[in-house]
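**Student:** Provided below are the primary sequence and the corresponding predicted coordinates.
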Amino acid sequence: NAGVTQTPKFQVLKTGQSMTLQCAQDMNHEYMSWYRQDPGMGLRLIHYSVGAGITDQGEVPNGYNVSRSTTEDFPLRLLSAAPSQTSVYFCASSYSTRLANTEAFFGQGTRLTVV
Amino acid sequence: SQQGEEDPQALSIQEGENATMNCSYKTSINNLQWYRQNSGRGLVHLILIRSNEREKHSGRLRVTLDTSKKSSSLLITASRAADTASYFCATGGANNLFFGTGTRLTVIP
């Protein structure tokens, strides 16, 4: 059982370039999210999805785009990379329940540097 | 803006000692979660405590929750070198968690 898989693990971009960070989960989870982690800032929510075809913005959505065409995949697109987007990006998934919240499962992260 | 804030920011103890870290949050919650992050790795869920619970145990972990003070604590008993990691509290829903800035725990063998 792979859990949450993120690719690539490392990436260097030039300012203005675009790229897509991949995230896939094999647990049939409805919920998927993208976070960024910066030194001293903890994790901040970028975008999230409650199911295929449904996405919404988190705390820091500017400069990022997402789509959710399947339950398994939730790619994050950087439209025009900026140095401020240098960060470690984490994808997470969880299953939903109407009665209680549940734990999130995280991928191993993508370390992105924009020069 | 961050929902939670951990205290202390860094903690260094000897192996075998207990480690206590605290979390304060700002708004009412349904539950609070604690996660561990080893250096350069993803976060791993440790424990979830619901708003109607005051204390919860899992192995060497003990979590308390005081909703009147909007605070929680994580106690790790009989610490091991392998417990060296950053620990985060998180509040919010299943897909939109708000994390604190974390406590960096170092356990010295």
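**Tutor:** Received the coordinates, thanks.
**Student:** stretch B:84-91 near chain A at all?
**Tutor:** Yes. Taking C-beta under 8 Å from any C-beta of the partner chain as the criterion, stretch B:84-91 and chain A are in contact, through B:F88. All C-beta atoms are positioned from the backbone trio N, CA, C, and that covers glycine.
**Student:** tell me which residues of that stretch are tucked away?
**Tutor:** For stretch B:84-91, the neighbour count (16 or more other C-beta atoms under 10 Å in any protein chain shown) marks B:84-91 as buried.
**Student:** of these, closest to chain A?
**Tutor:** Nearest to chain A among the buried residues of stretch B:84-91: B:F88, at 6.4 Å, using C-beta to the nearest C-beta.
**Student:** what's the farthest-apart pair in the buried residues of stretch B:84-91?
**Tutor:** Pairwise distances among those were taken by C-beta to C-beta; the largest, 24.9 Å, belongs to B:T84 and B:T91.
**Student:** quick check: residues of chain B near chain A?
**Tutor:** B:1-2, B:4, B:30-31, B:33, B:35, B:40-45, B:48, B:50, B:88, B:93-102.
**Student:** close to chain B, is stretch A:104-115?
**Tutor:** Yes. Applying C-beta under 8 Å from any C-beta, one finds stretch A:104-115 touching chain B at A:104-109.
**Student:** follow-up on the earlier one: which of the residues of chain B next to chain A are buried?
**Tutor:** B:2, B:4, B:31, B:33, B:35, B:42-43, B:45, B:48, B:88, B:93-102.
**Student:** okay, and the beta partners of B:L65?
**Tutor:** B:S72 (DSSP bridges).
**Student:** centre-most residue in chain A?
**Tutor:** The centre of chain A sits closest to A:W34, judged by C-alpha atoms, centre = their mean, with a distance of 2.6 Å.
**Student:** what residues does chain A have near chain B?
**Tutor:** A:4, A:31-33, A:35, A:40-45, A:48-50, A:58-59, A:90, A:92, A:94-97, A:100-109.
**Student:** show the buried residues in those residues.
**Tutor:** Looks like these have A:4, A:31-33, A:35, A:42-45, A:48-50, A:58-59, A:90, A:92, A:94, A:101-109 buried, using 16+ other C-beta under 10 Å.
**Student:** with just CA atoms, put the worst-scoring helix or strand of chain B on mean pLDDT into PDB.
**Tutor:** One helix or strand of chain B scores below all others by mean pLDDT, DSSP states H and E: strand B:4-7, with a mean of 83. Extracted in PDB, the C-alpha atoms of strand B:4-7 (Å, rounded to 0.1, in the frame of the first residue of the first chain):
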ATOM      1  CA  GLY B   4      -2.200  27.000  16.700                       C
ATOM      2  CA  GLU B   5       1.000  27.900  18.300                       C
ATOM      3  CA  GLU B   6       3.400  25.500  20.100                       C
ATOM      4  CA  ASP B   7       5.500  26.100  23.100                       C
END
